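Chemist: Structural data only, the sequence is not supplied:
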Ligand SMILES: Nc1ncnc2c1ncn2[C@@H]1O[C@H](COP(=O)(O)OP(=O)(O)OP(=O)(O)O)[C@@H](O)[C@H]1O
Ligand code: SF4
Ligand SMILES: [Mg+2]
């Protein structure tokens, strides 16, 4: 267990390193600096700005500055510089630097403000996906072959086959424009949450329903369930003790990809519903060459995806003792 | 010895050591033809046939692909007929449909298209919307924060007043406060002269020389030279200044003859006091030669240099330059009398420009000036109708005009908020969506199968390392990398175009590069398990070479699982394309894909009026196709999965 | 005596196991085959028996070159095979073929029987292209299948039929030696007999020699003239069939033979069965001395700690049947009974 976590940590470090390095150099490879769009910028001002953000440095130096807890402002290399003129604290210290475009904010500020929103949205979406998906899957497996099953399966397949923003459009038309139950877009009170969360979670609910259904059907036809039934256990107990646990396993292993998917999907949904979450900052910042913000969000999401995946793997072994934690 | 003996005993006739003789064997062989077995492929096909859902999905998909392939034959309106009408029209039934002809293009007449590919399309081009061309304006308006913003209408008015035609707005980019940038497209009309072939060595048809008075700033003017590009692409030019004027001497590619255009300074302004000229060179790699009349040559550059770069380098090394900005160099002659400023501008390689173009540009500028508007003409370019049709599609268009003549359907599924026919857009969009998903999936297939097969075959540490890399890539939130990559590509688009790499190509590769991971894992697992199967070992014992084992035994066995994942990857890629379109990183207008249509749909919803068709129909097209692909993929998995093929 | 067809001398095959660190050296080596020597005469068959995991298959694979041998020599008619390239090995492959254990896995599911049977001919170009299909038919006939089924696929045949196809494939190049790795253990008992009879038939018709691997002693007795018993990667006893079965000398052989039920109920009841204690030790970490000593019921008869410290060697014994055994006890007995007495 400890060894597993240690290994994970090691690979995590490698992953994060590659992500930071690759995206840093990709960003720098793009022609044009962050201040290009601002017209009529006096050359002197531009030079000043670049100097302030160290854009006039050679790229390797910028990279070191960005990654490490170094202060390269002075001659030579000063470790752990606490100087105020140091713009980048360095990723290793947890400081993601200032935003190039939103001048008065640091990336940490922006993430600090927007992440809770994204987490709220993402977790509600995940909860919706799980509740809807599991219920639909179990019901559909138990009532196999009925109209109910058919309907749920149809719904699930359609959910998989539509982009989430289209689902969002339908939801808005129905719930916001026709029924006038919920607000169209925005953020502020719990009333703003259901529509985006549903749109975000729907494809995953559909997939989870499918997984649960197949898993349950497989388990229900297994020998041990037949034995349990033959022993005269009441049906609901059979279900509770054996079948559901077996049916849920594939869902648990899907949780990792699902989290990643929800994070990705939130890029779109946050834009669609004008929610000031982290995802909404990302695309804009990448297009505007707001290097630090875009990279900050990338790093954040890498950490999130990796951490959640590790959790999921742990949960999986708890549920199914047959699976050993990856070791080789 | 022993084996020689065997061969002598009729080894080759197949009769010596076996009980049957050649005649019997031949007879049996003929009989055996009636006892043909059923291969696993045939078996899978039969199983698929029994799976009703998968079967109908296959039929549906085949029909759909056929439909989209034959799109140019269908009598549909243009998917990009630009109609200034801004409200979506509801769908109506076919029998109410009135054939609408494209505006401004009277039927049955061919018209002059200048040079270029379109003219070869001849007489039927007038009907087919695909061959219409547009002049494309990019306008920028600025306003002070306090003022009311100049809306799109103002800019449209402006273009209309200048060109006499209604334009359609393509791209509107007005997010930043204080600026609106719009791209207007004006359809070309009969009699318009358009299209001059662009070559990278040429330039846009005008050379401008700025003439500045001695008392700096007070008197300056641009002198325009017209280059007769109709006679060929520009090969080289030089500007000569003399006491009384400026002369542009240039050579055209086709005829190779030297032409000159001479402007006397007096023509521009009084000949007096003009001492400084500034030459603007459009395009960086234009061969340049220059000379200075009277006074010493400042940099000792009497004669010719190859390019502006060389000139700059030479000037720099001459150590006589007053370097202010990288983009502008000023050369001061030794007597202090004359100086030449070379301005290097990175002008994006604009496509085609013609005379008419310049006229319109002038007209727009004049219009702007007369209204006192703060708008500015940023860029003029030439926009070809729509998709570049390949010869096959052109043939299909020809068939269409032969069969349907000028008739076309009405908006069966309604129109969108730019007045474009939704059905036509869905059908034409399907071509791009199918193309994107197929090519991208094939890319992923190529990378994934090669990687996975190699990893599985080699095994050991290499395999271990390769799979670790895949694991690492798996845990990277890939969308971010993609967004990076695509913005990167956007920055380098013109450079890539010079190498013949289109945006779409890169797009495919990027998507393919994401989806190869699963494929690599699956293939590797399959190869790993097949590699140790006894039939592979049997082949090895028989002396089969590694390529033989790979292609004769492994590939056909891996193929089935590859096909299954292929069918399941295509819908994923389609969804991803929609996702990118939503973020504005997908296919670009005027091209259209399903992703873009879906995005258009979401933009069309409003509280005032529900244009349901704009949302519903594209969603239906996309949903049903993805559904069919998913069902087919599952069906194929059931039919091809070797696990189901028990030892019975 | 003439040169044996196949002669294996001191064959070793070690598999690296585990890794220290990410790129480190292997943590150790598994000695799957640890100094095996035997010979197969032309037209004769040698049975190789032993418990699961003792290295029988590994030996066979090393012989046909599926696993490169770690050390030792494998000679075919006196020609060294170890270290030959694929190309140089080709002529020997024509003489030496293999039949596999699992008839379901040993035939490529996507090829017809015809292509499976003609593949060896295509690789070795022994038969003219136009004759190849005819040869396939003849082969099917020879292994007792209907030649008309040449265009069918493996999955359309039963297990026994598939094994016949495997045999036909091995016969296609008309080898002198066929290595059979448990060719019948995956089949039903009734079909086992058919296949064994077929193998015996073919041996007689074509003058084949077999290296026959089995863990079923009865099977070996039926088919082989000579038998070698393996334990943990070593041969512990090798002798002519009748000698070995009637008078086993090595304690392990004795234990194995005592486990065979006898058809006569009287004898069966009177039979003393030697029950081996414990499991087969891991070949990764074999016991010191005689590798059989932790389970040997006769260990006590050798004085001192010799069995657990000193490794016995395969030595020729006196008497009929060209017997060799590797056991301290047997050697002691041998010393007590004078040669020829
Ligand atoms: N490729 C390999 N890598 C590592 N170890 C192996 C490999 N092949 C075989 N072994 C090990 O070598 C030992 C001998 O295996 P082998 O297959 O030769 O046994 P066997 O006598 O044929 O057994 P069985 O009767 O079950 O077929 C076993 O412990 C096995 O785990
Ligand atoms: S050497 Fe000793 S332990 Fe080994 S078999 Fe002989 S008696 Fe048994
Ligand atoms: Mg074996």
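Modeler: Cool, got the structure. From a predicted model like this one, the values you see are computed outputs, not experimental measurements. Numbers count the residues shown, from 1 in each chain, chains lettered A, B, ... in the order given. Ligands and ions are numbered 1, 2, ... in the order given.

Chemist: only C-alpha atoms for contact and neighbour calcs from this point on.
Modeler: Will do.

Chemist: any bit of the helix or strand containing residue B:555 sitting next to chain A?
Modeler: Element membership for residue B:555, per DSSP states H and E: helix B:555-582. Yes - for helix B:555-582, a contact with chain A is found by C-alpha under 8 Å from any C-alpha of the partner chain, at B:571, B:575, B:578-579, B:582.

Chemist: neighbours around the nearest residue to residue C:291 once chain neighbours are set aside, how many?
Modeler: The spatial neighbour of residue C:291 that comes closest, neighbours along the chain excluded (C-alpha to C-alpha, 6 or more residues apart in numbering or on different chains), is residue C:232 at 7.1 Å. Neighbourhood size, residue C:232 [other C-alpha atoms under 10 Å in any protein chain shown]: 26.

Chemist: Residue B:66 now?
Modeler: Neighbours of residue B:66 using other C-alpha under 10 Å come to 11.

Chemist: Go through the helix holding residue B:555 and flag the buried ones.
Modeler: B:555-558, B:560-582 (16 or more other C-alpha atoms under 10 Å in any protein chain shown).

Chemist: The residue nearest to residue B:544 when sequence neighbours are not counted and residue B:553, how far apart?
Modeler: Leaving aside its sequence neighbours, residue B:544 sits nearest to residue C:123 (C-alpha to C-alpha, 6+ apart; 6.4 Å). According to C-alpha to C-alpha, to the nearest Å, residue C:123 and residue B:553 sit 14 Å apart.

Chemist: more crowded one of the two?
Modeler: Neighbour count, other C-alpha under 10 Å: between residue C:123 and residue B:553, residue B:553 has more, with 20 against 15.

Chemist: Now do the contacts for that one.
Modeler: Going by C-alpha atoms under 8 Å, 6 or more residues apart in numbering or on different chains, residue B:553 touches B:536, C:108.

Chemist: immediately after the helix or strand bottoming out on mean pLDDT in chain A, which helix or strand?
Modeler: Counting by mean pLDDT, DSSP states H and E, the weakest-scoring helix or strand in chain A turns out to be strand A:78-79, with a mean of 45. Next along the chain after strand A:78-79, taking DSSP H and E as the criterion, comes helix A:107-142.

Chemist: Which elements pack onto the helix or strand that that next one is followed by?
Modeler: Remark: after helix A:107-142, the chain's next helix or strand is helix A:147-161, criterion DSSP H and E. With contacts defined as 3 or more C-alpha pairs under 8 Å, 6 or more residues apart in numbering or on different chains; DSSP states H and E, helix A:147-161 has these neighbours: helix A:107-142, helix A:194-220, helix B:612-640.

Chemist: how about 10 Å then?
Modeler: In terms of contacts (3 or more C-alpha pairs under 10 Å, 6 or more residues apart in numbering or on different chains; DSSP states H and E), helix A:147-161 is packed against helix A:107-142, helix A:194-220, helix B:555-582, helix B:612-640.

Chemist: Can you say which of those is nearest to residue B:441?
Modeler: helix B:555-582 (6.1 Å; C-alpha to C-alpha).

Chemist: How about the closest one and chain C, any contact?
Modeler: Yes - judged by C-alpha under 10 Å from any C-alpha of the partner chain, helix B:555-582 and chain C are in contact via B:556-557.

Chemist: angle of that helix against helix B:612-640?
Modeler: Angle, helix B:555-582 to helix B:612-640, by axes from the mean of the first three to the mean of the last three C-alpha atoms, to 10 degrees: 160 degrees.

Chemist: and the next element down the chain from helix B:555-582?
Modeler: Sequence-wise, the next helix or strand downstream of helix B:555-582 (DSSP H and E) is helix B:594-604.
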